[in-house]
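*Asks:* My questions are about this predicted structure, shown below with the sequence.
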Amino acid sequence: MNNFGERLFKLRRDKKLSQEEVAEKLNVTRQTISKWETDQSMPDFDKVVPLCELYGITPDELFIELKGKETSKNNEFIIDLEEEKLKTSKKAKGIAISVVLYFLGVVWTMISIPVMNMNPIVASAIFLLICGIATGIIIYVCIKYKKIKTPKKTETDKLRNQISSVVVIIFTIIYLIISFKTMAWHLTWIIWIIFGLFEEILKLIFMLRGSKDEK
């Protein structure tokens, strides 16, 4: 076995899988699998681990067994893969913390004034501070743990974008109806905070779903 593509071809053949079946499990196109097996391209970082799990091997085995030893190029690739996995994990944790903070902000708004009889200005200031911290965390993790290479959009990504578009329309309609009906424009802006919270939850759900599908 003298090249990466032939190695992938043999692994797929040993598992008795077609290119279409592998492509479906990895959320890529059949042409992508074909390019990998003909050495026209290499798998993205986020596809190496699920690819190895599908074939029942480790990333080290995938690269080391090409020539019986690990080349410097493959070694760098594996290191980058581990760094990418670590970044994804830290980014997910940061987003999860932000979602919790948004929830706390909403809960604070619901109990601080009517239950605790707190000054509305002080209560609003604390609410905005909580939301600011949550937003700051999201911006920080998205910039610091940005992916080294952006993979092509999968069907899951397209579905998430379509759902997000529909959600934006629904929240806009709700915002306008409630605002015009109550004329409480100074309060209805909270709907957009709820929208932001919903968006982050949606992203987290699809992120966890994607991780589950790759296993």
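*Replies:* Received, thanks.
*Asks:* domain parsing for this protein?
*Replies:* Residue ranges for the domains of the chain, per automatic domain parsing: 4-70, 86-150, 153-215.
*Asks:* I'd like these as JSON lines, with mean pLDDT appended.
*Replies:* Converted to JSON lines, these look like this (pLDDT from 0 to 100):
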{"stretch": "domain 4-70", "mean pLDDT": "82"}
{"stretch": "domain 86-150", "mean pLDDT": "79"}
{"stretch": "domain 153-215", "mean pLDDT": "74"}
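*Asks:* Determine which stretch of the ones you listed is the most buried.
*Replies:* Of all the domains of the chain, domain 4-70 has the most neighbours on average by mean count of other Cβ atoms under 10 Å, namely a mean of 16. All C-beta spots, glycine's among them, are computed from the backbone N, C-alpha and C.
*Asks:* From the opening residue of stretch 52-60 to its closing one, how far?
*Replies:* Using Cα to Cα, to the nearest Å, one end of stretch 52-60 lies 9 Å from the other.
*Asks:* R160 reaches K203, doesn't it?
*Replies:* Yes - using Cβ atoms under 8 Å, R160 is in contact with K203, at 7.4 Å.
*Asks:* what does the helix or strand hosting E21 contact?
*Replies:* Using DSSP states H and E, E21 sits in helix 19-26. Under the contact criterion Cβ atoms under 8 Å, 6 or more residues apart in numbering, helix 19-26 has outside partners R12, T29, R30, T32, I33, S34, E37, K47, P50, L51, L54, E214.
*Asks:* Make a markdown table from these and add distance to G5 to it.
*Replies:* Formatted as a markdown table, the contacts of helix 19-26 follow (distance: Cβ to Cβ, whole Å):
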| residue | distance to G5 |
| --- | --- |
| R12 | 11 |
| T29 | 16 |
| R30 | 15 |
| T32 | 12 |
| I33 | 10 |
| S34 | 9 |
| E37 | 5 |
| K47 | 15 |
| P50 | 18 |
| L51 | 13 |
| L54 | 16 |
| E214 | 22 |
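*Asks:* of these, closest to S164?
*Replies:* E214 (21.8 Å; Cβ to Cβ).
*Asks:* ok so, going back, got JSON lines for the contacts of helix 19-26, with secondary structure and distance to M118 too?
*Replies:* Formatted as JSON lines, those follow (DSSP: H, G, I helix; E, B strand; the rest coil; distance: Cβ to Cβ, whole Å):
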{"residue": "R12", "secondary structure": "helix", "distance to M118": "63"}
{"residue": "T29", "secondary structure": "coil", "distance to M118": "56"}
{"residue": "R30", "secondary structure": "helix", "distance to M118": "60"}
{"residue": "T32", "secondary structure": "helix", "distance to M118": "56"}
{"residue": "I33", "secondary structure": "helix", "distance to M118": "59"}
{"residue": "S34", "secondary structure": "helix", "distance to M118": "63"}
{"residue": "E37", "secondary structure": "helix", "distance to M118": "64"}
{"residue": "K47", "secondary structure": "helix", "distance to M118": "51"}
{"residue": "P50", "secondary structure": "helix", "distance to M118": "50"}
{"residue": "L51", "secondary structure": "helix", "distance to M118": "55"}
{"residue": "L54", "secondary structure": "helix", "distance to M118": "55"}
{"residue": "E214", "secondary structure": "helix", "distance to M118": "46"}
